[in-house]
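> Build me a model:
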Amino acid sequence: MANITKKRIAIIGAGPCGLSQLIAFKQAEKEQRIELICFERQAEWGGLWQYTALTGIDPCGELIHSSMYRHLWTNGPKEMLEYVDYPFEKHFGRAVSSYPPRAIMYDYIIGRATAADIHKFIRFRTAVRFVNFDVNTKQFHVTIQDLLNEKILEHLTFDHVIVATGHYTLPNVPNFEGISKFPGRVLHSHDYRGADEFVDKNILIIGGSYSAEDIGIQCYKFGARSITISYRSFPMNFKWPDNIKEVPMLIRMEGHTAYFKDGTSVGNIDCIILCTGYRHNHSYMAEPLRLYCSGNLFIPSNLYKGIFWSPELRLAYLGMQNQTYSLNMFDIQAALVRDVFLGYVKLPDDDDEKKREEDISQWQAREQVIAANDHEGFTDLQTDYIRDIVSCCDQNTVPKFDLERAKAGFYKFFNDKREDFITFRDQTFTSIFPPYNEAPPCQIKWTKNMDDSIEGYLSSIKTT
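Model (predicted):
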């Protein structure tokens, strides 16, 4: 083993995707087959699930990564994202409800990473400044910077690079006539840190997806006076409370009055929250390696199997999809990256870029015919995608779960929201793993539960 040249592998980002990849590679590292380094800009791991009250720029001059806010509870059932090898009940020593708060999710993700003993592979407060590829040596040249000593730059070489930074850091900020002169507060959801400051306020939310619905209902929960949600394409059409309404796209602001595409207007607006999504930001990647795409695509161009950079398969982008599945999908993507990079499996069409592009186009064609508000159709697409990725992996080691049960769970989730958006987080789900136990309910209804701490939450769970 000592005479075998180790592959050097760089992972950029120690959020959920990066942690999944580190865990996937752990056994190969133990066998001394690879050298593994993960670079993380933040001081801690966990990526987006970390909460900070800071917004804008952090003490090291970097963009604040997290979009988390106080009193955030999962907006989908935990059963549909649970790790195959690390159940919630194993981590907490007890069953937990289907919709836990952010602190519970973060503790769960970090608990698994800690149990896997992967902290030692991560270089914290280290920013990747540039990544290039030498077509002659087939090596990546990676320039990194120690953020605690900004003058220190290192130039390293790797056989493979995996980008696992996510795509929820660089806000997409559209411009609207008159908004720059609006006398109230304007912020993007990336800088939203909780509903406490919007009590008794008239709020205009621009956007029509998960952030808009979640921030809107949280502001309702904490006592906002009124919430107007301005959508671009389709209304969400939930059964909103009386003080929440949906209107077409914002056309302009005049003072505290908002004017919309259908000719209606709403006055006395106190603040505007832009829930307008994010842009992929991979400016540190050399142009021939850089992923460009809209943040709401499932299969971006140039990503074979939604993962591998088609022009150069030694590069992978993990978790770049607009997702329904999340943590368990990241594990499966990470398993395929491991299997391909270590030579355990050979990708279909790995020697034919034209066929790879055809494969990408076929997935994109399926996505394009799904209406933006067809959540079941989008879930069908993602379920088929995961099934395809699993089929490409080493069948002895790939994480597997009951995809049909998971899909049915998502269907129930969508129906619960349509039935009663106020109470959907009070519903319970059945595990997608044997023995298929049902989660216990919270004793406190979500609209009344203001304690999002781990201790407070666990004390509110009914036990048998």
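> Can you pull out the low-pLDDT segments for the stretch 351-464 of the chain?
Counting by pLDDT under 70, the stretch 351-464 of the chain shows low-confidence ranges at 464.
> hmm, try it at 90
Within the stretch 351-464 of the chain, the stretches with pLDDT under 90 are 351-353, 371-373, 462-464.
> Got the phi and psi for R252?
phi -160, psi 160 (degrees, to the nearest 10).
> Neighbours of it, how many?
By the measure other CB atoms under 10 Å, the count of residues near R252 is 13. Every residue, glycine included, has its C-beta placed from N, CA and C.
> Isn't it up against E177?
Yes - in this structure R252 lies within contact range of E177 using CB atoms under 8 Å: 3.8 Å.
> how much space is there between the closest residue to F124 other than its chain neighbours and I122?
Distances taken as CB to CB, 6 or more residues apart in numbering place E40 nearest to F124, at 5.1 Å, with adjacent residues excluded. Distance, E40 to I122, by CB to CB, to the nearest Å: 5 Å.
> go on, L204?
41 Å.
> Between those two, tell me which one has more neighbours.
The neighbour comparison of L204 against I122 (other CB under 10 Å) goes to L204, with 26 against 21.
> Quick check: that one vs S459, distance?
37 Å.
> and the most centrally placed residue in the chain, what is it in contact with?
The residue lying closest to the centre of the chain (CA atoms, centre = their mean) is G166, at 6.3 Å. Neighbour list for G166: G13, G15, P16, C17, G47, L48, G319 [criterion: CB atoms under 8 Å, 6 or more residues apart in numbering].
> part of a strand, is it?
No - counting by DSSP: H, G, I helix; E, B strand; the rest coil, G166 falls outside a strand, being coil.
> okay, and for the stretch 1-150 of the chain, where does confidence drop off?
1-6, 27-33, 59-66, 149-150.
> repeat that with 80
Applying pLDDT under 80 to the stretch 1-150 of the chain flags residues 1-5, 150.
> ok, and the closest non-adjacent residue to E29?
L36 (5.0 Å).
> and the one you found, how many neighbours does it have?
22.
> cool, and the one 5 residues further on?
One way to gauge burial is a neighbour count; for R41, by other CB under 10 Å, it gives 22.
> for it, what are its contacts?
Contacts of R41 (CB under 8 Å, 6+ apart): C60, E62, H65, R125, T126, A127, L147.
> How about I205?
Contacts for I205 were tallied using CB under 8 Å, 6+ apart; they are A212, I215, G216, I227, T228, I229, S230, I272, I273, C275.
> That one looks like it's in a strand, true?
Yes - judged by three-state DSSP, I205 forms part of a strand.
> Report the secondary structure element holding D388.
Per DSSP states H and E: D388 is located in helix 375-392.
> Could you list every helix and strand in contact with that helix?
helix 327-341, helix 353-368, helix 403-419 (3 or more CB pairs under 8 Å, 6 or more residues apart in numbering; DSSP states H and E).
> Name the residues that touch that helix?
The contact list for helix 375-392 (CB under 8 Å, 6+ apart) reads 298-299, 305-307, 321, 323-325, 329, 332-333, 336, 339, 345, 347-348, 363, 366-367, 370-371, 398, 400, 403-404, 406-407, 410-411, 414.
> Show the buried residues in the residues you listed.
Among the contacts of helix 375-392, the ones that count as buried by 16 or more other CB atoms under 10 Å are 298-299, 305-307, 321, 324-325, 329, 332-333, 336, 339, 345, 347, 363, 366-367, 370, 398, 403, 406-407, 410, 414.
> I'd like the contacts of R41 as a markdown table, with distance to D262 and neighbour count appended.
Shown next, in a markdown table, are the contacts of R41 (distance: CB to CB, whole Å; neighbours: other CB atoms under 10 Å):
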| residue | distance to D262 | neighbour count |
| --- | --- | --- |
| C60 | 46 | 15 |
| E62 | 41 | 14 |
| H65 | 37 | 22 |
| R125 | 49 | 18 |
| T126 | 50 | 21 |
| A127 | 46 | 19 |
| L147 | 48 | 19 |
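> Name the nearest of those relative to K354.
For the contacts of R41, the closest approach to K354 (CB to CB) belongs to A127, at 36.2 Å.
> got the domain boundaries for the chain?
Per automatic domain parsing, the domain ranges recorded for the chain read 7-169+278-406, 173-274.
> May I see those domains arranged in JSON lines, with distance to F421 as well?
Output for the domains of the chain, formatted as JSON lines (distance: least, CB to CB, whole Å):
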{"stretch": "domain 7-169+278-406", "distance to F421": "11"}
{"stretch": "domain 173-274", "distance to F421": "4"}
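> Indicate which one of the helices and strands packed on helix 375-392 is closest to G194.
Per CB to CB, nearest to G194 of these: helix 403-419, 22.3 Å.
> and for the closest one, what are the contacting residues?
76-77, 79-80, 238-239, 324-325, 328, 375-376, 379-380, 383, 386-387, 424, 427, 429-430, 432, 436.
> next one: stretch 342-356
Stretch 342-356 is contacted by residues 7, 28, 33-34, 304-305, 308, 310-311, 313, 336, 338-340, 359, 392-394, 397 when judged by CB under 8 Å, 6+ apart.
> how far does that stretch stretch from start to finish?
From its first residue to its last, stretch 342-356 covers 20 Å (CA to CA, to the nearest Å).
> what's the distance between that stretch and the middle of its chain?
27 Å (CA atoms, centre = their mean, to the nearest Å).
> ok, and for it, which residues are buried?
Buried, per 16+ other CB under 10 Å, within stretch 342-356: L342, V345, L347, D349, R356.
> ditto for stretch 293-305
Within stretch 293-305, the residues scored as buried using 16+ other CB under 10 Å are C293, G295, L297, F298, I299, P300, N302, L303, Y304, K305.
> On the pLDDT front, check the fourth one for me.
At F298, the predicted lDDT confidence score is 86.
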